[in-house]
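Visitor: Dropping the sequence and predicted coords here.
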Amino acid sequence: MSFFDFSAALRTRIISVVTIDRTEDAEPLAAALLEGGLETLEITFRTPAAPEAISRIRAAFGDRIHLGAGTLLTGEQVVQAVQAGASFGLAPGFNPNVVRAAHERGLGFIPGVMTPSEIERALELGCKVQKFFPADVAGGVKMLRILAGPFGHTGVSFIPLGGVNAETLRDFLSAPGVAAVGGSWIADRSLIKAGDWSAITDLAKKAVAIASGKEDPDQTE
């Protein structure tokens, strides 16, 4: 079983979750996020473009960007993600077979969890970083605070995704045990399709500022 050190990938505490429809959007998207100070990206396997998009970003930016492959639901997709150049993978749920496939190939993996039982099972397979999904309807920050009681001593950390946005980002990051927060609002699918790279850069800058505590919470725009 292979374990992955997520410390570098989660340094900014923000993961931009993106769905790419056209492979030619891969490089300008990654460049826009990097310009905004955001270095960790999850490309979801929801479209056929995902593997090639990962390959293109890896070829263009190398280790400057931490590349995750999201929505990995099968062992076959794990293989595709590794071959494309992903550094780590994520899933919306907890499938032990997918976790094992990732570990066998040296792919860091973040399974999705929502209940204490799923957290326990994921820990048993060595997953110390887990995706709390869907965060908004699974109890949000209140649920994360409750989970910190019985699981805080295990060293598990969570990445809330699902319904997280710029308005709730600060609250989620302040919850105990939260290593980072992920979301699609930074590089929304519509912004990618429109090629609005400057808007994506601006949203990335705002998210990174909030995560680093440099944005004034009382400031209004």
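Guide: Cool, got the structure.
Visitor: Which positions in the strand or helix carrying residue 202 come out as buried?
Guide: Assignment of secondary structure by DSSP states H and E places residue 202 within helix 197-212. Using 16 or more other Cβ atoms under 10 Å as the test for burial, helix 197-212 gives 197, 200-201, 203-208, 210-211. All C-beta atoms are positioned from the backbone trio N, CA, C, and that covers glycine.
Visitor: So which residues of the chain form helices?
Guide: Ranges of helices in the chain, per DSSP state H, are 26-35, 50-61, 75-84, 96-104, 116-124, 140-151, 169-174, 189-194, 197-212.
Visitor: As a markdown table, those helices with distance to residue 181 and mean pLDDT would be great.
Guide: Below are these laid out as a markdown table (distance: least, Cβ to Cβ, whole Å; pLDDT from 0 to 100):
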| stretch | distance to residue 181 | mean pLDDT |
| --- | --- | --- |
| helix 26-35 | 15 | 98 |
| helix 50-61 | 21 | 98 |
| helix 75-84 | 22 | 98 |
| helix 96-104 | 22 | 97 |
| helix 116-124 | 18 | 98 |
| helix 140-151 | 11 | 97 |
| helix 169-174 | 5 | 96 |
| helix 189-194 | 19 | 97 |
| helix 197-212 | 8 | 97 |
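Visitor: dump the residue contacts of the residue nearest to residue 175 when sequence neighbours are not counted.
Guide: Among residues not flanking residue 175 along the chain, residue 144 sits closest, at 4.1 Å (Cβ to Cβ, 6 or more residues apart in numbering). In this structure, residue 144 makes contact with 132, 158, 160, 172, 175-178, judged by Cβ atoms under 8 Å, 6 or more residues apart in numbering.
Visitor: hang on, residue 162 packs against residue 114?
Guide: No - the pair formed by residue 162 and residue 114 falls short of the contact definition of Cβ atoms under 8 Å, at 9.5 Å.
Visitor: Spit out the residues that contact these two alike.
Guide: Residues touching both residue 162 and residue 114 (Cβ under 8 Å, 6+ apart) are 133-134, 138.
Visitor: okay, stretch 88-98 in CSV with CA atoms only?
Guide: C-alpha atoms of stretch 88-98 as CSV (Å, rounded to 0.1, in the frame of the first residue of the first chain):
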residue,chain,number,x,y,z
PHE,A,88,-3.7,12.4,-6.7
GLY,A,89,-7.3,11.3,-7.2
LEU,A,90,-10.6,12.0,-5.6
ALA,A,91,-14.1,10.4,-5.6
PRO,A,92,-17.5,11.6,-4.4
GLY,A,93,-18.0,8.4,-2.4
PHE,A,94,-16.0,5.6,-0.6
ASN,A,95,-15.4,2.6,-2.8
PRO,A,96,-12.7,0.3,-1.2
ASN,A,97,-11.9,-1.2,-4.6
VAL,A,98,-11.1,2.2,-6.1
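Visitor: ok, and what's touching it?
Guide: So stretch 88-98 is contacted by 4, 6, 9, 42, 66-75, 78, 81, 102, 107-113, 118, 121-122, 125, 131, 133 (Cβ under 8 Å, 6+ apart).
Visitor: This completes my enquiry, with thanks.
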